[in-house]
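K.L.:
Show me the folded form of this:
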Amino acid sequence: MPVRARSDAQLGLTVSAAVLTTALTAVSFWLSFEALHDLATDHRLKGERAWAWPATIDTFIAIGELLILRASLLRKVDWYAIALTAAGSLGSIVLNIASVGGSTDPLDYVVAAVPPVAALLAFGVLMRQVHEYLLSRQQALTAPPVPVSTPVTPFVEHKEPEAAEEPQEADEAPVEEPVVTEEPEPVREPEKPEEPLTQRDRIDLVVRGLYESLGNRRPATRHMVTALADAGLPSSEGTARESRKRVEAAEPHLKDLPDAIAA
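P.N.:
Numbering: from 1, shown residues only. I've put the predicted structure just below:
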């Protein structure tokens, strides 16, 4: 597949995933709000106050996830944000289950617990996509500029015509220059031919090249299997994963790169 077509496919999949994740997040929060609204209505809250009360629970999830996203961009761990997200999620799950009442059907409790759990997971996935986008933008802005080389104009030295040699006088005898004998060049040993690369080295070279071709991202198993198959090398998923482990063991900084989306 050409590089342009592959890039367009990856962009389309990324946009589709973002749209679906946003829709799932909105639906999950709406269902959770609906259940918490009914619970508030059953306990003396009416009208606008009944609709505002669920925000005191589910909004903690959004606030915590945003703070976790901020901390990850700063390469830090914000335990306060994690605790805030956990408290909001657990509170929302417990209260959604409590809204069922004294039902004897276990599926009633499962149905009540799904929206808050889905809201937490969907919002986390959405923040993951935002994190990858912002990280790629940071790398593009902080990349050093490519130096532009100026054309070099060759310098031509203009030589003035040499003056005609003066004739030697009769009494001046020509000076004989000593004969210089060239020393024989030392005998050099023939260079040993380089050893051919093994199949394992060729596999590692193909996998290592994917980090640059994917824009400084960790290749997924699908990327590695496709590249190895194109190179005529063993292309099983196990071979690809073992090669990625060897490459990242030799260059540990590659583990910190964001994962590429498999097309």
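
K.L.:
what residue ranges in this protein are flagged as low confidence?
P.N.:
Within the chain, the segments meeting pLDDT under 70 span 1-7, 140-195, 262-263.

K.L.:
And it, split by domain according to the record?
P.N.:
Structurally, the chain divides into domains by automatic domain parsing as follows: 12-142, 199-256.

K.L.:
can you list these in CSV and add mean neighbour count?
P.N.:
C-beta coordinates here come from the backbone N, C-alpha and C atoms, glycine included. Converted to CSV, those look like this (neighbours: other CB atoms under 10 Å):
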stretch, mean neighbour count
domain 12-142, 16
domain 199-256, 16
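
K.L.:
And the top helix by length along the chain, what does it pack against?
P.N.:
Scanning the chain for the longest helix, with DSSP state H as the assignment, gives helix 3-41. Applying 3 or more CB pairs under 8 Å, 6 or more residues apart in numbering; DSSP states H and E, one finds that helix 3-41 contacts helix 48-52, helix 55-73, helix 79-98, helix 106-142.

K.L.:
what would those helices look like in JSON lines with distance to Glu212?
P.N.:
Shown next, in JSON lines, are those (distance: least, CB to CB, whole Å):
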{"stretch": "helix 48-52", "distance to Glu212": "52"}
{"stretch": "helix 55-73", "distance to Glu212": "23"}
{"stretch": "helix 79-98", "distance to Glu212": "34"}
{"stretch": "helix 106-142", "distance to Glu212": "13"}
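
K.L.:
quick one, which of these is nearest to Ala9?
P.N.:
Among the helices and strands packed on helix 3-41, the nearest to Ala9 by CB to CB is helix 106-142 (16.9 Å).

K.L.:
so that closest one versus helix 79-98, what angle?
P.N.:
When axes from the mean of the first three to the mean of the last three CA atoms, to 10 degrees is applied, the directions of helix 106-142 and helix 79-98 differ by 150 degrees.

K.L.:
what's whichever helix or strand comes after helix 106-142 packed up against?
P.N.:
Once helix 106-142 ends, the next helix or strand along the chain (criterion: DSSP states H and E) is helix 199-213. Here helix 199-213 touches helix 221-230, helix 237-250, going by 3+ CB pairs under 8 Å, 6+ apart.

K.L.:
Serialize these to TSV and add fields for distance to Gln129.
P.N.:
Below are the helices and strands packed on helix 199-213 laid out as TSV (distance: least, CB to CB, whole Å):
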stretch	distance to Gln129
helix 221-230	19
helix 237-250	23
